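Novice: using only what follows, build the 3D model:
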Amino acid sequence: MIAWVLAFFATPLGYLILTVLKALAILVPLLMGVAYLTYFERKVLGAIQLRKGPNVVGPWGLFQPFADAIKMIMKETVIPSGGNRALFLFAPMLTFFLAMIAWAVIPVNDGWAISDINVGLLYLFAISSLGVYGIVIAGWASNSKYALLGAMRSAAQMVSYEVSMGFVLVSVLLCAGSLNLSDIVRAQQHLWFCIPLLPMFVVFFISALAETNRAPFDIPEGESEIVAGFFVEYSSMAFGLFFLGEYANMFLMSALTSILFLGGWLGPFGLWPVLGPLWLILKICILLFVFLWVRATFPRYRYDQLMRLGWKVFLPLSLLWLVLTSGALLAFGWLPHA
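Specialist: As a prediction, this is how the structure comes out:
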């Protein structure tokens, strides 16, 4: 029986079914995590602001995410009369789709990835670069000056911080000697990259806040200036897809930070290697808590401050650290291919 099952999964149809099952094993828990991240965000913000947060729907408010989902599904999708109907509906679907397919190369344990390709890091960088299209399309298709202004802000912001993130990724690539995410994790068996590359770790995480449009870099959604930014005209499930995409990207950036700098599925000091997925989940949860903590603590940056930080601080720092890293690796003969 076992031999027959293995033979079936070796066929093209069996391989397709196996890939779909692996995708569901990643995406279903991810969507549940996204739903409950909204709950924990309100709980954390409530605790920091000395209030209770959600506490009515279900015990301790645990059913609040389901109530929110039902509310969004039941509402009417309003499309602006002067907007482009097709692109208006396509934009949130594109944002959500990109947030999901990026998980195809994320390894949750040694050999546990939907597609463990050799250029996984390059794939993720390409997907994150495409994310700006959904926001720009939404801003233009809404036929609203506020939405268009928010979209233009987001495009400039994401492009600015992707440059420094690219140099950070190159620094990690030099230390690991591979674009494969599993190889990058294995290269950290003795020392997590967050220690020798500490400035890059800080730059990458702050850039992740800007990439996901989270506070204090939520300039595209500046409620005090442009109402709600690029999704000001969205309602119902169209808004819900933007909402889910943003929180799924928070999960993605936390997972990527864990893999690049915190050893991925590796435990500290080699503790309990059989608990690989649990170590990764724990690191993701800690980083997500920092996302929420930052939102409750720091005021929003002005737009000129945001651009100055990206171009005049992060870009020179990441470039300088890349030169220092490559020089040290070459001088001491630590290059992985040497």
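Novice: now do the helices in the stretch 1-150 of the chain.
Specialist: 2-9, 12-48, 64-74, 85-101, 120-141, 145-176 (DSSP state H, counting those that start in this stretch).
Novice: again, but for the stretch 151-300 of the chain
Specialist: Using DSSP H, counting those that start in this stretch, helices in the stretch 151-300 of the chain cover 181-186, 198-211, 223-226, 236-261, 276-297.
Novice: list the buried ones in the second one?
Specialist: Buried residues in helix 198-211, defined by neighbour count with 16 or more other CB atoms under 10 Å: 199-201, 203-211. (C-beta placed from N, C-alpha, C; glycine too.)
Novice: who are the packing partners of it?
Specialist: For helix 198-211, the packing partners by 3 or more CB pairs under 8 Å, 6 or more residues apart in numbering; DSSP states H and E come out as helix 145-176, helix 236-261, helix 276-297, helix 315-331.
Novice: out of the ones you listed, which is the most enclosed?
Specialist: Counting by mean count of other CB atoms under 10 Å, helix 236-261 has the highest mean neighbour count of the helices and strands packed on helix 198-211, with a mean of 23.
Novice: wait, residue 172 sits on residue 197?
Specialist: Yes: in this structure, residue 172 is within contact of residue 197 by CB atoms under 8 Å, at 6.9 Å.
Novice: between the two, what contacts are shared?
Specialist: Contact criterion CB atoms under 8 Å, 6 or more residues apart in numbering; residues shared by residue 172 and residue 197: residue 261.
Novice: output the below-cut-off pLDDT ranges for the chain.
Specialist: 1-6, 8-10, 220-228, 270, 272-273, 335-338 (pLDDT under 70).
Novice: roughly how far apart are residue 63 and residue 192?
Specialist: The gap separating residue 63 from residue 192 is 38 Å, by CB to CB, to the nearest Å.
Novice: give me the contacts around stretch 142-162.
Specialist: Residues from elsewhere that reach stretch 142-162, judged by CB under 8 Å, 6+ apart: 80, 82-84, 88, 125, 128-129, 131-132, 135-136, 138-140, 207, 210-211, 213, 217, 219-222, 226-234, 303, 306-307, 310-311, 314.
Novice: narrow those residues to those that are buried.
Specialist: Neighbour-count burial (16+ other CB under 10 Å) is assigned, among the contacts of stretch 142-162, to 83-84, 88, 125, 128, 131-132, 135-136, 138-140, 207, 210-211, 213, 217, 219-222, 226-234, 303, 306-307, 310, 314.
Novice: and for residue 93, the neighbour number?
Specialist: 14 (other CB atoms under 10 Å).
Novice: residues contacting the residue nearest to it when sequence neighbours are not counted?
Specialist: Among residues not flanking residue 93 along the chain, residue 241 sits closest, at 6.1 Å (CB to CB, 6 or more residues apart in numbering). Listed by CB under 8 Å, 6+ apart, the contact set of residue 241 reads 92-93, 95-96.
Novice: one step back: the helices of the stretch 1-150 of the chain: which one's closest to residue 282?
Specialist: helix 12-48 (13.1 Å; CB to CB).
Novice: what's next to stretch 198-208, contact-wise?
Specialist: Contact with stretch 198-208 is made by 161-162, 164-165, 168, 171-172, 193-194, 253-254, 256-257, 260-261, 287, 290, 310, 314, 317-318, 321, as judged by CB under 8 Å, 6+ apart.
Novice: more neighbours: which of residue 63 and residue 192?
Specialist: Between residue 63 and residue 192, counted using other CB under 10 Å, the more crowded position is residue 192 (20 against 14).
Novice: give the closest residue to that one in space, chain neighbours not counted.
Specialist: Nearest to residue 192 is residue 263, by CB to CB, 6+ apart, at 4.5 Å.
Novice: quick check: phi and psi on the one you found?
Specialist: Residue 263 adopts backbone torsions of phi 80, psi 10, taken as degrees, to the nearest 10.
Novice: give me the nearest residue to residue 309, chain neighbours excluded.
Specialist: Excluding the flanking residues, the one nearest residue 309 by CB to CB, 6+ apart is residue 301, at 7.3 Å.
Novice: the one you found: what's it in contact with?
Specialist: 216-217, 219, 309 are the contacts of residue 301 under CB under 8 Å, 6+ apart.
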